[in-house]
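J.: Just a sequence and a predicted model for now, questions to come.
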Amino acid sequence: MPIRRRTPPQPAPVDDPLLEQALADLDWYARTRDRARRLHWATELSALLTGAATVVAAGIRAPAATTATLAGLTVFIGGFRQVFNHAERHVLAAEAWSRLRLAVRRYRLVPEAERDEELRGRLQEEIEDVATTELRNWAAGRRGLQPGPLPGGGLPQ
């Protein structure tokens with residue numbers, strides 16, 4: 001039986017290109033967040049499974065090739081986890097998604113007829129700020145630095 005995944009309904013077409021861009025970015029961050037979370041859990045569970053299997057294989061005196069293969073897989077998964085760091089990617093995408101979701105909500109709370117250039121400018125700033133912050137924090141993580149403080153949101157609360 002094939003696995004069925006729930007797909008969220010596609011939003012109705014929007015006549016606001018800025019809002020469309022924000023929704024597209026929001027969708028991208030959600031997909032990235034979810035994919036990174038799944039990969040993080042798969043990596044962690046694989047590391048636990050191969051680590052435990054290595055101990056069991058050694059305990060039951062399995063052939064050396066079996067024990068060595070399991071130990072090698074455990075080391076490989078540990079390196080894979082460090083290189084790709086899906087946990088960090090999940091956190092960064094979740095933070096960006098959360099900030100952008102709030103900005104879109106605040107923007108949508110204002111009736112379309114009352115959305116002036118100032119409000120659109122603040123949404124545009126928030127879209128750019130979210131992307132810049134996410135990229136800066138990702139790059140800092142790649143360099144092994146602590147990410148800097150997150151700038152405040154641009155839309156009124």
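T.: Sure, I can see it.

J.: Under a three-state scheme, what state does the residue lying farthest from the centre of the chain occupy?
T.: Ranked by distance from the centre of the chain (Cα atoms, centre = their mean), the top residue is residue 61, with 41.6 Å. Under DSSP: H, G, I helix; E, B strand; the rest coil, residue 61 falls in the coil class.

J.: Quick check, pLDDT for it.
T.: Listed pLDDT for residue 61 reads 96.

J.: now do the one 10 residues further on
T.: Here, the pLDDT recorded for residue 71 equals 96.

J.: From residue 99, how far off is it?
T.: 42 Å (Cβ to Cβ, to the nearest Å). Just so you know, the C-beta spots here come from the backbone N, C-alpha and C atoms, and that holds for glycine as well.

J.: Please identify the helix or strand for the most centrally placed residue in the chain.
T.: Of all residues in the chain, the one closest to the mean position by Cα atoms, centre = their mean is residue 33, 2.5 Å from it. Counting by DSSP states H and E, the element that carries residue 33 is helix 17-59.

J.: mind checking how far that helix is from the chain centre?
T.: Put simply, helix 17-59 sits 8 Å off its chain's centre (Cα atoms, centre = their mean, to the nearest Å).

J.: cool, and stretch 49-65?
T.: The chain centre lies 34 Å from the centre of stretch 49-65; the measure is Cα atoms, centre = their mean.

J.: quick one: residue 90 and residue 18, what's the gap?
T.: Using Cβ to Cβ, residue 90 is found at 27 Å from residue 18.

J.: got the contact list for stretch 131-150?
T.: Contact partners of stretch 131-150, identified using Cβ atoms under 8 Å, 6 or more residues apart in numbering, comprise 25, 29, 85, 88, 89, 92, 93, 95, 96, 99, 151.

J.: Same drill for residue 90 and residue 18, tell me which one is more crowded.
T.: For residue 90 and residue 18, the more surrounded residue by other Cβ atoms under 10 Å is residue 90, and the numbers stand at 20 against 16.

J.: Name all residues that make contact with the more buried one.
T.: 33, 36, 37, 40.
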